[in-house]
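S.K.: return atomic coordinates for the entry below.
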Amino acid sequence: MSKRIIYNYLNDDELLRISNTIKEVEKKTSAEILVTIKEKRNFFEKRKSIKELAEKEFWKSGITSTKERTGVLIFILLSEKQFYILADKRISEKIEQKVFDEIANSMSNTFRKGNFSKGIINCIISLSDILSKHFPILPDDINEISNKVRIS
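M.R.: Predicted structure coming up:
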């Protein structure tokens, strides 16, 4: 079995640091952040756009089942170095997609410099800054989506 592509970019400590960053920023917002890293497309996804792949992962991950519909997916297609940030219904009603596209662009610029972990962590922090304004933490807030980075 060949070595996973992800380990060319991130090690286990960095993956843990990303998960811990999600845990920390979710203390300030009722939104749920999920990072999914897909190593490469499968045969049936060859013609799909990055947005379509992110939408498929969005539904598959269960992020739409959060109580308040305040989930955000950071989707990374590693082999092609493409990214898409997708927000659930309540968030996209208040925050335009172009805001998420700008954050994804910033992450892309950091990736180009070879700083993959830093790019993802900065993306999570940028999302937190925006989300905490519109969706502050609630007294009865619970963690509905795992903070662990999903790798497929």
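S.K.: mean confidence score for the helix or strand containing residue 57?
M.R.: Element membership for residue 57, per DSSP states H and E: helix 50-61. When pLDDT is averaged along helix 50-61, the result is 95.
S.K.: centre of the chain to the longest helix along the chain, how far?
M.R.: Among the segments of the chain that qualify as a helix by DSSP state H, the longest is helix 116-134. Between the centre of helix 116-134 and the centre of its chain there are 9 Å (Cα atoms, centre = their mean, to the nearest Å).
S.K.: buried set for stretch 113-129?
M.R.: Using 16 or more other Cβ atoms under 10 Å as the burial criterion, the residues of stretch 113-129 that qualify are 116-117, 119-124, 126-128. Any C-beta I mention is one placed from the backbone N, CA and C, and that applies to glycine too.
S.K.: which residues does the residue nearest to the spatial centre of the chain contact?
M.R.: The geometric centre of the chain, computed from its C-alpha atoms, lies nearest to residue 74 (Cα atoms, centre = their mean), at 1.8 Å. Residues counted as contacts of residue 74 (Cβ atoms under 8 Å, 6 or more residues apart in numbering) are 33-36, 83, 85, 107, 120, 123-124, 127.
S.K.: need the max-distance pair from the residues you listed.
M.R.: Spatial extent of the contacts of residue 74 (Cβ to Cβ) is set by the pair 34 and 107 at 15.0 Å.
S.K.: residue 136: how many residues sit nearby?
M.R.: Other residues near residue 136 come to 12 when the count uses other Cβ atoms under 10 Å.
S.K.: what residues are bridge-paired with it?
M.R.: On the basis of DSSP bridges, residue 136 takes part in beta bridges with residue 29.
S.K.: what pLDDT, on average, does stretch 130-148 get?
M.R.: Stretch 130-148 shows a mean pLDDT of 94 in the predicted model.
S.K.: just the CA coordinates of it, formatted as CSV?
M.R.: Written as CSV, here are the backbone C-alpha positions of stretch 130-148 (Å, rounded to 0.1, in the frame of the first residue of the first chain):
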residue,chain,number,x,y,z
ILE,A,130,-16.6,36.3,11.4
LEU,A,131,-18.8,33.5,12.8
SER,A,132,-18.5,34.7,16.4
LYS,A,133,-20.0,38.1,15.4
HIS,A,134,-23.1,36.6,13.8
PHE,A,135,-23.3,33.4,15.8
PRO,A,136,-21.9,33.9,19.3
ILE,A,137,-21.6,31.0,21.6
LEU,A,138,-24.9,30.0,23.3
PRO,A,139,-25.1,28.9,27.0
ASP,A,140,-26.4,25.5,26.1
ASP,A,141,-24.0,25.0,23.2
ILE,A,142,-22.7,21.5,22.6
ASN,A,143,-20.2,20.2,20.1
GLU,A,144,-22.3,18.5,17.4
ILE,A,145,-19.6,17.7,14.8
SER,A,146,-16.2,16.1,15.6
ASN,A,147,-13.3,18.5,15.6
LYS,A,148,-11.1,15.8,14.1
